[in-house]
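> quick check, what structure comes out for this input:
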Amino acid sequence: MSPIEKTITGENTGIRTQPGRQAIVTEATIPLKFTLSEFAGSLGDFGTIIPLILAVALVSDVNPRYILLFFGIWFILTGLYYRLPIPLEPMKAIAVIVISGSIGSGEIAAAGIILGVLFLVLGYGRFFSIIEKWVPESVVRGIQLGLALLLFKASADFVFKDSFFFVLGIAIILLFLLLVHYRHIPDLSSICVIAVGVIGGIILHGIPPTSLIPPPQLVIPIPSDFPSAISTLVLPQVVLTIANAILATSLLTKDLFGKDVPPKKLSTTIGLMNITSVPFGGFPMCHGAGGLAGQYRYGARTGGASIIAGVIFIVLALFFTSPEVLSIVAVGVLGALLVFVGIEMGRHSLKSDNLPVTCAIGLLALFLSMTVAFIIGMALVYLLLKFRPKTSGDGPVA
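Below is the predicted model of the structure:
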């Protein structure tokens, strides 16, 4: 059976079948919805995406207009392709390195091209079949937990930057939690939080100027950009992309939707989006378990949320992408969104089959790095296997 067409029970799809029978469902049959809940969910990862794009644009020579434009295009394409709210995010390791150092657009483009080719090739091979066999669930859950802890850490920074709007955002989200529980209304907290942040930004800074996007320009890396990009940007990003953007996202999709999105499929779309976007001024992109948790937390259930997010990004890119417009949202509300995204991510990470290993990896990711946590976690699992016999199969069970 192909990965596109699969046999799943009617319980997983919402399709009723007679007892003892199964429904054959293809991904194309998953309906797209464009409700208020989907709109609210489409904003669920903005607290991660917008601050990273802003910071990268402020310290480098990349143009935020094209970053947002290609984000918008690929949000729409992934929504149509997966029919689920599979998120897009800037590649975090690259973004953090760019923010902390003097990295030019040539090196960024070189890194995006290299990673695009790499993940496109990996998506068509047997690489992820091997990875899934030998990387235990406890390690992937540990990466999820590490990301949740990093989100809490990032949200703490917003407390000091903009404590009033941070507390106000938290209060709005908690109010909607009560309303959803007792009144059974849709969770529109992300819409309200973003709206409050925009209104607050206008009150504090005034209405920003707007301008139209100029035609895109081809960014061609020079030969010397590639060795530097490999050592500085590509190597730190590869492990994080495999562990979080691909394996953890695939696992969380099963947790949240009961759908199987194979890792090799996620790898293929990551490859395609970077090859087609980065040379024209886009920023390296990937999927992400944190983004999926955020969109789901605020109401996204279908690819309609991704399409809505794509339209928002394209409109911002075409008409409203001066740095002043991007910084209009009061940053405190973005921190409030991150808190509840971290809670959603952390809740699923604790479904581990080896909680001590998962917790150790999460803490290592928080205090050291995702890459170090992944390597030490894998070593720990296989070390434990030396003192505990395998229960089944050929792969690790820890």
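> tell me the centre residue of this structure?
Residue closest to the mean C-alpha point of the chain, counted by C-alpha atoms, centre = their mean, is Gly288 at 2.8 Å.
> next one: it from Ile246, what distance?
Going from Gly288 to Ile246 by C-beta to C-beta, to the nearest Å gives 10 Å. C-beta here means a position set from N, CA and C on the backbone, and glycine is covered the same way.
> same thing with Ser189?
Note on Ser189: its distance to Ile246, by C-beta to C-beta, is 29 Å.
> those two - which one has more neighbours?
Ile246 (30 against 26; other C-beta atoms under 10 Å).
> ok, the more buried one - contacts?
Neighbouring residues of Ile246 by C-beta atoms under 8 Å, 6 or more residues apart in numbering: 128, 263, 266-267, 270, 286-287.
> where along this structure do the strands fall?
Ranges of strands in the chain, per DSSP state E, are 5-8, 23-26, 89-90, 285-286.
> and the closest residue to the residue nearest to the centre of the chain other than its chain neighbours, what is it in contact with?
Of all residues not flanking Gly288 in the chain, Glu89 sits nearest, at 4.2 Å (C-beta to C-beta, 6 or more residues apart in numbering). Neighbour list for Glu89: 45, 48-49, 52, 245, 285-288, 290-291 [criterion: C-beta under 8 Å, 6+ apart].
> so where's the chain uncertain?
Residues of the chain meeting the criterion pLDDT under 70: 1-28, 47, 55, 58-59, 100-102, 210, 320-327, 389-398.
> longest helix of it?
Secondary structure assigned by DSSP state H gives helix 137-161 as the longest helix of the chain.
> got the buried residues for that one?
137-152, 154-155, 158 (16 or more other C-beta atoms under 10 Å).
> got it, and stretch 279-292?
279, 281-292.
> please state the offset of it from the chain centre?
Stretch 279-292 has its C-alpha centroid displaced from the chain centroid by 8 Å (C-alpha atoms, centre = their mean, to the nearest Å).
> now stretch 335-346
The chain centre lies 13 Å from the centre of stretch 335-346; the measure is C-alpha atoms, centre = their mean.
> wait, Gly290 sits on Leu147?
Yes. Between Gly290 and Leu147 there is a contact at 5.0 Å, judged by C-beta atoms under 8 Å.
> which neighbours do the two have in common?
Counting by C-beta under 8 Å, 6+ apart, the common neighbours of Gly290 and Leu147 are 244, 345.
> now do the same contact list for Leu355.
So Leu355 contacts Ser138 (C-beta under 8 Å, 6+ apart).
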